[in-house]
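J.: Let's see this in three dimensions:
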Amino acid sequence: PNGKIDRKALPAADVRRDGYVAPRTVTEWILAKEFADILGVERIGVDDDFFELGGSSLSGMKLVERLRRTMFSTLPLTALFASPTISSLANWIASADDQARSSLVRMRRGTTIPPLYCIHPGGGSVIRYQPLVDALTVERPVYGVQSRSLLDPTFVDRSIDEMAAHYVASIRRQQSDGPYFLTGWCFGGAIAMAMAALLEEQGEEVAFLGLIDSSTVVVPFHRDASALDYFQQLAAMEGLQLGDRPNEADKTYLVQASAPLSDRERLLLAAEWGREQGYWSNMSTELFERLFADGENSARMLSELQLTRIRAPIHVWWAKATLDAIGGPPVDWSAFTLGGATTRVLAGTHEDILATADLHAEVDRALWIAGETSQKQRAEI
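T.: This next block holds a predicted model:
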């Protein structure tokens, strides 16, 4: 069987099956993954009650602590008791006051050395950084910088410069003076560059800027991607280890079926095909539509971005599969710094590079060297 999908039916795919309602926003999707993991179930609908499904006060505490590391650092335990379903908890988060809904997420406490700030990729969440965060030296505090749209689904970013200004203001409320340590994967790299420029403009030192498989032109849901490309990206979002799946016949189908479709239709084809084939069940068509819209908005903002040259050195890591696919680096980051750029190519793909041991070791080492260099330079002033 080819698993062929009626393209006319794609936008109307029903998310309610036997009372089950799949997540409709990135926030609900993250909550669903965390609920299911803590409860030990394969899937959970947005209207299912955490405690009715077997959750206890202890598991509730574990869930809240997990969510504090992935999206809402000040989430109180009482919020889960008052809003025990995914939909109600997402609404609680969206209605929290502006001070509580910070773009900063404390992913790890660490000690007194300067923290690393991980800038969100497309989609707005910092959850993909967790393997890197867990692998860094325990002394290093880490904060994720997430999109405002993650906490307020009605919010739409207008420009990377506007995002950078908001994020810089957020991190300076947490850390008033440099040195600052920033990193960005994918779309987050361009934002990190803009943040570094703004911090330097404000007279602050950026001691470390790490750009991980990031470009000024490549975005998560890029134009001319086939349904197979989208399927692989969605599988990576779900944390699936595909191995040799799907088989060659299915890969051929997804590529050939993409020819007459628009970019949006290709994403929806990949989404519905993956759902029909049992790769995932916890993502709705509405969520896929949001992801596509976010990708289009990211592409627009990248096309309008005018980067300026910074003083800080840049550390660049490319995934070998990315460079093989396009014939080389899509951007020369050394042109945007007076401090020089160090470039490394690592085995892996764009989607799995954040989980590779080689990247973990190199980022950790580069952070320590940058910190020691900054300390020495400050001592000489």
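J.: what ranges do the strands span in this protein?
T.: 16-17, 20-21, 104-108, 116-119, 142-145, 180-185, 206-212, 314-319, 341-346 (DSSP state E).
J.: Most tightly packed of those strands?
T.: Greatest average neighbour count among those goes to strand 116-119 (a mean of 28), per mean count of other C-beta atoms under 10 Å. Where C-beta positions appear, they are placed from N, C-alpha and C, glycine not excepted.
J.: For that strand, name the packing helices and strands.
T.: strand 142-145, strand 180-185, helix 187-201 (3 or more C-beta pairs under 8 Å, 6 or more residues apart in numbering; DSSP states H and E).
J.: Reformat the ones you listed as CSV; add mean pLDDT and distance to Thr342.
T.: Listed next are the helices and strands packed on strand 116-119 as CSV, based on pLDDT from 0 to 100; distance: least, C-beta to C-beta, whole Å:
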stretch, mean pLDDT, distance to Thr342
strand 142-145, 94, 21
strand 180-185, 98, 14
helix 187-201, 97, 15
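J.: so can I have a markdown table of the ones you listed showing distance to Leu116?
T.: Shown next, in a markdown table, are the helices and strands packed on strand 116-119 (distance: least, C-beta to C-beta, whole Å):
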| stretch | distance to Leu116 |
| --- | --- |
| strand 142-145 | 5 |
| strand 180-185 | 5 |
| helix 187-201 | 11 |
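J.: Figure out which of the ones you listed is closest to Ala319.
T.: Closest to Ala319 of these is strand 180-185 (C-beta to C-beta; 10.0 Å).
J.: Residues contacting that closest one from elsewhere in the structure, which ones?
T.: 114-119, 121, 128-129, 171, 190-193, 195-196, 199, 204-214, 353-354, 363, 367, 370-371 (C-beta atoms under 8 Å, 6 or more residues apart in numbering).
J.: hmm, try it at 7 Å
T.: Residues from elsewhere that reach strand 180-185, judged by C-beta atoms under 7 Å, 6 or more residues apart in numbering: 114-119, 121, 128, 191-192, 195-196, 199, 204-214, 354, 367, 370.
J.: Next: stretch 110-126.
T.: So stretch 110-126 is in contact with 26, 30, 71, 105, 107, 128-129, 138-147, 149-150, 171, 175, 179, 181-188, 191-192, 219-220, 291, 294-295, 298, 367, 371, going by C-beta under 7 Å, 6+ apart.
J.: Pop out the phi and psi values for the residue lying closest to Glu139 once chain neighbours are set aside.
T.: Closest residue in space to Glu139, ignoring its immediate chain neighbours: Thr111 at 4.6 Å, by C-beta to C-beta, 6 or more residues apart in numbering. Backbone torsions of Thr111, given as degrees, to the nearest 10, read phi -120, psi -140.
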